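Undergrad: predicted model, plus sequence, below.
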Amino acid sequence: MEFDFARAHCRFLKVDTLREPGDHPGPLPTRGVSPSGGAAAFFRDQQGVSPAYRSGPLFGHWEAGGERLQVVCAAMAGYIRWSDYDPGQPFAMHAEYVLGWTDALRAVVFPDLDWVGQWLAFPASVAGPREEARLLRQAHALRLVDRHRPLLVLGQGRSGLEVRASTLDAQDGERTLEVQEVTG
């Protein structure tokens with residue numbers, strides 16, 4: 001049996017592959033991001049939980065043609081927020097936790113499900129476009145965000161949860177993707 005490495009395996013187990021799963025040689029996605037009902041509920045649950053940064057991986061797949069990213073599930077970055085919290089490292093993750101999520105989702109949902117992006121919620125006291133841009137650059141430097149792996153930023157809007165999606169790439173610069181609103 002051949003084992004298909006997911007992005008989490010490549011990152012945390014330091015597995016060298018010629019092509020990371022989820023690499024898309026085609027054009028940039030044009031239609032944005034669609035969170036499932038479960039992912040949207042998870043995002044709503046993150047609002048107001050803590051005055052600290054919170055982040056974690058997004059799991060999903062690109063729809064046929066690579067036009068829209070379907071986010072099937074979002075997860076926390078592990079228990080790091082309770083044990084070794086460092087506000088300067090909002091994207092820190094427990095490798096074992098993310099690997100466990102990856103393996104479980106691939107076994108239960110479907111084998112091609114991969115870690116396809118990152119989400120982030122940050123304290124209202126530091127919210128703003130400048131901080132969001134700084135965090136997008138930090139996520140890009142950590143190789144968590146690129147042209148096909150967005151950063152979803154959760155925020156509180158007038159009518160409730162707001163989700164913004166951005167990609168960053170040296171060739172294409174920063175792009176904002178449409179996020180399909182999910183109710184329920």
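TA: Looks like it arrived, so ask away. Not measured: the values here are computed from a predicted model.
Undergrad: who touches the most centrally placed residue in the chain in this structure?
TA: What sits nearest the mean C-alpha location of the chain, by C-alpha atoms, centre = their mean, is Gln118, with 1.7 Å. Counting by C-beta atoms under 8 Å, 6 or more residues apart in numbering, Gln118 touches Ser55, Gly56, Pro57, Leu58, Phe91, Ala139, Leu144, Val145, Arg149, Pro150, Leu151, Leu152. To be clear about C-beta, it is placed using only N, CA and C from the backbone, and glycine gets the same treatment.
Undergrad: highest neighbour count among these?
TA: Within the contacts of Gln118, neighbour counts (other C-beta atoms under 10 Å) peak at Pro150, which reaches 30 neighbours.
Undergrad: pLDDT score for that residue?
TA: Pro150 is assigned a pLDDT of 92 by the prediction.
Undergrad: next, the contact list for it, please.
TA: Val33, Leu58, Leu69, Gly117, Gln118, Ala165, Ser166, Thr167, Leu177.
Undergrad: if you set the cut-off to 6 Å instead, what comes out?
TA: Going by C-beta atoms under 6 Å, 6 or more residues apart in numbering, Pro150 touches Gly117, Ala165, Thr167, Leu177.
Undergrad: any idea how far Met93 is from the third one?
TA: Here the distance between Thr167 and Met93 works out to 20 Å (C-beta to C-beta, to the nearest Å).
Undergrad: just the pLDDT at the closest residue to His140 other than its chain neighbours, thanks.
TA: Leaving aside its sequence neighbours, His140 sits nearest to Leu168 (C-beta to C-beta, 6 or more residues apart in numbering; 4.3 Å). Predicted confidence (pLDDT) for Leu168: 91.
Undergrad: cool, and Arg134?
TA: 92.
Undergrad: ok, now Gly48?
TA: 65.
Undergrad: follow-up on the earlier one: host element of the residue nearest to His140?
TA: Here Leu168 sits within strand 160-169, counting by DSSP states H and E.
Undergrad: partner strands of that strand, parallel or antiparallel?
TA: strand 151-157 (antiparallel), strand 173-177 (antiparallel) (DSSP bridges).
Undergrad: for Tyr79, which of the ones you listed is the nearest?
TA: Among the strands paired with strand 160-169, the nearest to Tyr79 by C-beta to C-beta is strand 151-157 (19.6 Å).
Undergrad: okay, now Arg147: neighbour count?
TA: Count around Arg147 with other C-beta under 10 Å applied: 18.
Undergrad: do I have it right that it meets Ala170?
TA: No. Under the criterion of C-beta atoms under 6 Å, Arg147 is not in contact with Ala170, lying 9.0 Å apart.
Undergrad: about what we covered before: which residues sit against the strand holding Leu168?
TA: Contacts for strand 160-169 (C-beta under 6 Å, 6+ apart): 33, 43-44, 47, 136, 140, 145-147, 150-155, 174-177, 179.
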